[in-house]
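Chemist: following is a predicted model, sequence given first.
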There are 2 protein chains.
Amino acid sequence: MTLPADSAGLPHADKHVKIVGAGLLGASVGLALTRQGIDVWLTDASPTAEALACDLGAGRPLADAGDMTPDLVVIAVPPDVTAHLVARELTLHPHATVTDVASVKGHIRTALRGFVDGGQLSRTDLARYVGSHPMAGREKSGPIAARADLFAGRPWVVCTGPHTADADHERIVELARRVGAAVVELDADEHDSAVARVSHVPQVMATLTASRLNDAPVESVALAGQGLRDVTRIAASDPALWTQILTANSEQVRIVLEEVRGELDTVIDALGSTSGSLGVLAGAFVAGNDGHARIPGKHGAAPTSYATVTVLVEDRPGMLGRLFTEMGEAGINIEDLQLEHANGQQYGLAEVSVLPAERGPMIDELRARGWNVPE
Amino acid sequence: MTLPADSAGLPHADKHVKIVGAGLLGASVGLALTRQGIDVWLTDASPTAEALACDLGAGRPLADAGDMTPDLVVIAVPPDVTAHLVARELTLHPHATVTDVASVKGHIRTALRGFVDGGQLSRTDLARYVGSHPMAGREKSGPIAARADLFAGRPWVVCTGPHTADADHERIVELARRVGAAVVELDADEHDSAVARVSHVPQVMATLTASRLNDAPVESVALAGQGLRDVTRIAASDPALWTQILTANSEQVRIVLEEVRGELDTVIDALGSTSGSLGVLAGAFVAGNDGHARIPGKHGAAPTSYATVTVLVEDRPGMLGRLFTEMGEAGINIEDLQLEHANGQQYGLAEVSVLPAERGPMIDELRARGWNVPE
């Protein structure tokens, strides 16, 4: 993903950005913006993280900023201190748009409304807050893991709220686009319900699956295959962070986990039953197939579809072997194969699935090698 | 993985092998054995699968075998017909060792004992049966997906039984080793309990997680990240096959799923509670961390450990950035970093973690570029 090389043509308002929190997300936003000529100022509770992020080029230390007035403030701190810092920055910078990158949005909105009701925050100030959630992460954390292209092609949820000013909303949409993300507009509740299903509950399921290995003998765990590795990969995540996330989104996560419990009970009952259980179990697996099929390809691409090439193959031993060997020599990657091998006929039909772009070259190559490839 | 090039030095007994079932596993065993000069004969209920596997070099059609007497019979058919075919082959070939590759072992042993009790199978014949489970699979199925190196480095469980003759047991261990697998000896119950935890329950968990996407709006599913993709990848598996597997291992799977339900209830209760819930949730995530940490590296290797290189870095802006840029130019891949950036000192310490093999060259390279790298 190529980002614009400079800030020519940007609205003036986006030229001074303050980032609070120099971890993975904060430093990555900083890296992406500084290389577009935007003036980025960083601050972090950890002097080491702040210094490292600045050294890596994510911005300059806020302490050196003098009387700089930010147009945009990005709060990139742990979820449990986010609302407090959003309120503080809204008050501190009465003309800035303030966003945060926390992974749960409803509880922050609720906390901020509480600050308004309690008189610590004005309603006018709150109108400059736009929650967002860039859905990018890495298995590593901290500024050292930051990358200017961390958000490229990833979803960035911008939360619409009834009292947010349009100009502030647009500024955050622009921020997300500038760092290469794909903007998804959802309100806080829609967002929290969505991430419960696509992120928080999968995290719990991976964790519960991995926990089941604690009582297993070492010979059992040694049988682990790629399936187990994939299902449990995210179970290695930080317990402190996930405890915060689940607590912050407890209502939505509970709804989905109760659905899981219902399905789990159905499966357990079917395993203990002698009649009708096959249909119940098959139904559960089919529902899993269906749900899996709804997940879009990486970066939102449609699932790959293949083109087929039909080859007439003489019906004697070794011919298919020769076909596959020659396709291998020609660098053709076979994605799937259907074979009609009618008894008593002189020819069989091999239907080979390949990536669409490989179809034409494959036909030419096979014909050049003497194979019968009908149109 | 290099396999022995011919059958020189093999016990005579392994020179004629009959494989019943020419799918992924049967054809892969055939491919691995034929290229060692072993005489392999294939049969499959599907003439197309049989012909394709033979064309690909996995063996010769059993119909051409004449009065060939197999020393070893491998049953590689769906689990629900395995016991029946094991019994038939034991009776048909009174001197052969018979093994199967089904993914659940206890119910096959039980069925075979039932055949002995019912008089359809003699106790002497049963003594020549050795259950096994090569834990290799691919996302594709059928003979077209077969590979001679499918088992290389993968676990192959050989089931010990009280009445199995030692010679027959040894022959199956030898088969597993010959195709490059790592032999794991377990009895049928130990095996079934192990695969419930490392394979069958993870499959159910992936399936239940994917099912939760069926009621989600399309904008929610569009937020899918790599975590969800990994957790649900195996939810795309064949419902018919998994229904058979779960039914065959229902007792062990139930035990583990009931543990899951207990943990799930704990998490759901904690989400609905206001006091003490943080500790409960954190405990669940820590248990997941622990379970995940028990999974060995791929092919049984220990988890990778890194070597560290300490670099003295002048404490002024841009120096760390230059260090990382130059390490990138030198092709050094940074796995982790710890930074001591003491205020008021002229130097900071960067502790860079790299793969052990890269440590020496990295030190030389950095010194050549003028960096201060103490021993």
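Modeler: Everything's here; your move. Computed from a predicted model, the values in this text were never measured in an experiment. Numbering: from 1, shown residues only, chains lettered A, B, ... in the order given.
Chemist: in the sheet, who's paired with the residue lying closest to A:Ala63 once chain neighbours are set aside?
Modeler: Taking CB to CB, 6 or more residues apart in numbering or on different chains as the measure, A:Ala63 lies nearest to A:Thr43, with 7.8 Å between them; neighbours along the chain are not counted. To be clear about C-beta, it is placed using only N, CA and C from the backbone, and glycine gets the same treatment. Counting by DSSP bridges, A:Thr43 is bridged to A:Val20.
Chemist: from A:Tyr129, how far off is A:Thr43?
Modeler: 19 Å (CB to CB, to the nearest Å).
Chemist: give me the more crowded residue out of the two.
Modeler: A:Tyr129 (28 against 19; other CB atoms under 10 Å in any protein chain shown).
Chemist: ok, that one - contacts?
Modeler: The contact partners of A:Tyr129, taken as CB atoms under 8 Å, 6 or more residues apart in numbering or on different chains, are A:Val86, A:Leu90, A:Val98, A:Thr99, A:Leu112, A:Gly161, A:Thr164, A:Asp168.
Chemist: switch to 6 Å and redo it
Modeler: Neighbouring residues of A:Tyr129 by CB atoms under 6 Å, 6 or more residues apart in numbering or on different chains: A:Val86, A:Val98.
Chemist: centre of the chain to stretch A:100-110, how far?
Modeler: 17 Å (CA atoms, centre = their mean, to the nearest Å).
Chemist: which non-adjacent residue is nearest A:Val267?
Modeler: A:Val267 sits nearest to A:Ala284 (CB to CB, 6+ apart), 5.6 Å away.
Chemist: need the three-state assignment for that neighbour.
Modeler: helix (DSSP: H, G, I helix; E, B strand; the rest coil).
Chemist: check A:Leu278 too.
Modeler: helix.
Chemist: if we can go back for a sec, how far away is the residue nearest to A:Ala63 from chain B?
Modeler: Applying CB to the nearest CB, to the nearest Å, the value for A:Thr43 to chain B is 16 Å.
Chemist: that residue reaches A:Pro61, doesn't it?
Modeler: No - with contact defined as CB atoms under 6 Å, A:Thr43 does not count as touching A:Pro61 (7.5 Å).
Chemist: hmm, back to that, quick check, pLDDT for the residue nearest to A:Ala63.
Modeler: Note for A:Thr43: predicted pLDDT of 97.
Chemist: compute the number of surrounding residues for the nearest residue to A:Ala32 once chain neighbours are set aside.
Modeler: Spatial nearest neighbour of A:Ala32, excluding adjacent residues (CB to CB, 6+ apart): A:Val179 at 4.1 Å. Neighbour count for A:Val179, taken as other CB under 10 Å: 23.
Chemist: what's the mean pLDDT across the helix or strand harbouring A:Val74?
Modeler: Using DSSP states H and E, A:Val74 maps to strand A:72-75. Averaging pLDDT along strand A:72-75 gives 98.
Chemist: and after it, which helix or strand comes next?
Modeler: Past strand A:72-75, the next helix or strand by DSSP H and E is helix A:79-92.
Chemist: is chain B contacted by that next one?
Modeler: No - Helix A:79-92 stays clear of chain B (CB under 6 Å from any CB of the partner chain), getting no nearer than 10.2 Å.
Chemist: model confidence score at A:Thr97, please.
Modeler: So A:Thr97 comes in at 96 (pLDDT).
Chemist: would you mind measuring from it to A:Asp166?
Modeler: 11 Å.
Chemist: cool, A:Ala287 as well?
Modeler: The spacing between A:Ala287 and A:Asp166, counted by CB to CB, is 41 Å.
Chemist: show me which of these two is the more surrounded one.
Modeler: Neighbour comparison, A:Ala287 and A:Asp166: the larger count goes to A:Ala287, with 20 against 7 (by other CB under 10 Å).
Chemist: name the SS class of the more buried one, please.
Modeler: Going by three-state DSSP: A:Ala287 is helix.
Chemist: let me see the backbone angles for the residue lying closest to it once chain neighbours are set aside.
Modeler: Distances taken as CB to CB, 6+ apart place B:Ser211 nearest to A:Ala287, at 4.2 Å, with adjacent residues excluded. When read as degrees, to the nearest 10, the backbone of B:Ser211 gives phi -60, psi -30.
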